[in-house]
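Enquirer: Let me see the structure of the following:
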Amino acid sequence: MVLVFFSEKKEVLLELVMIFFILGVIFVSIMKIMFAAEYFFKANYALNTLQKLSDEMLQESPNFGELEEFKNYKSVIHLLNLGVILFTFFIILRVAAL
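Expert: Residues are numbered from 1 along each chain as shown. Coordinates of the predicted model:
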């Protein structure tokens, strides 16, 4: 009877160790998901803010000289926006890789 008691105690101890191990793995996984969601939210907020600023820049563009619209003006602004978006995306990837 003493051997049975010790064997059950070992099984319970093994089960407790496995439960704590599995809980640790679940905790780490949830934390990684949480941080990824946080970075995704921050990236969306930054991109929305940059898009609003870009739209304001296009609406409030100054008129100097006789030309009403410069050649390739909007394509340059859109390329600049694309560059900012790509830069932000790579920063997010770099932070997420840490």
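
Enquirer: Helices along the chain, start to end?
Expert: With helices called from DSSP state H, the chain shows them at 2-59, 73-97.

Enquirer: Those into a markdown table, with extra columns for mean pLDDT and mean neighbour count?
Expert: Backbone N, C-alpha and C define where each C-beta goes, glycine included. Shown next, in a markdown table, are these (pLDDT from 0 to 100; neighbours: other CB atoms under 10 Å):
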| stretch | mean pLDDT | mean neighbour count |
| --- | --- | --- |
| helix 2-59 | 84 | 11 |
| helix 73-97 | 70 | 12 |
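
Enquirer: From residue 53, how far off is residue 36?
Expert: 26 Å (CB to CB, to the nearest Å).

Enquirer: and what of residue 26?
Expert: 41 Å.

Enquirer: What of residue 24?
Expert: Taking CB to CB, one finds residue 24 at 43 Å from residue 53.

Enquirer: Please apply the same query to residue 47.
Expert: In terms of CB to CB, residue 47 sits 11 Å off from residue 53.

Enquirer: Name the nearest residue to residue 43, ignoring sequence neighbours.
Expert: The shortest distance from residue 43 to any non-neighbouring residue, by CB to CB, 6 or more residues apart in numbering, is to residue 92 (4.8 Å).

Enquirer: Likewise for residue 36?
Expert: residue 96 (6.3 Å).

Enquirer: The one you found reaches residue 40, doesn't it?
Expert: No - between residue 96 and residue 40 there is no contact under CB atoms under 8 Å: 9.1 Å.

Enquirer: joint contacts of these two?
Expert: Counting by CB atoms under 8 Å, 6 or more residues apart in numbering, residue 96 and residue 40 have no contacts in common.
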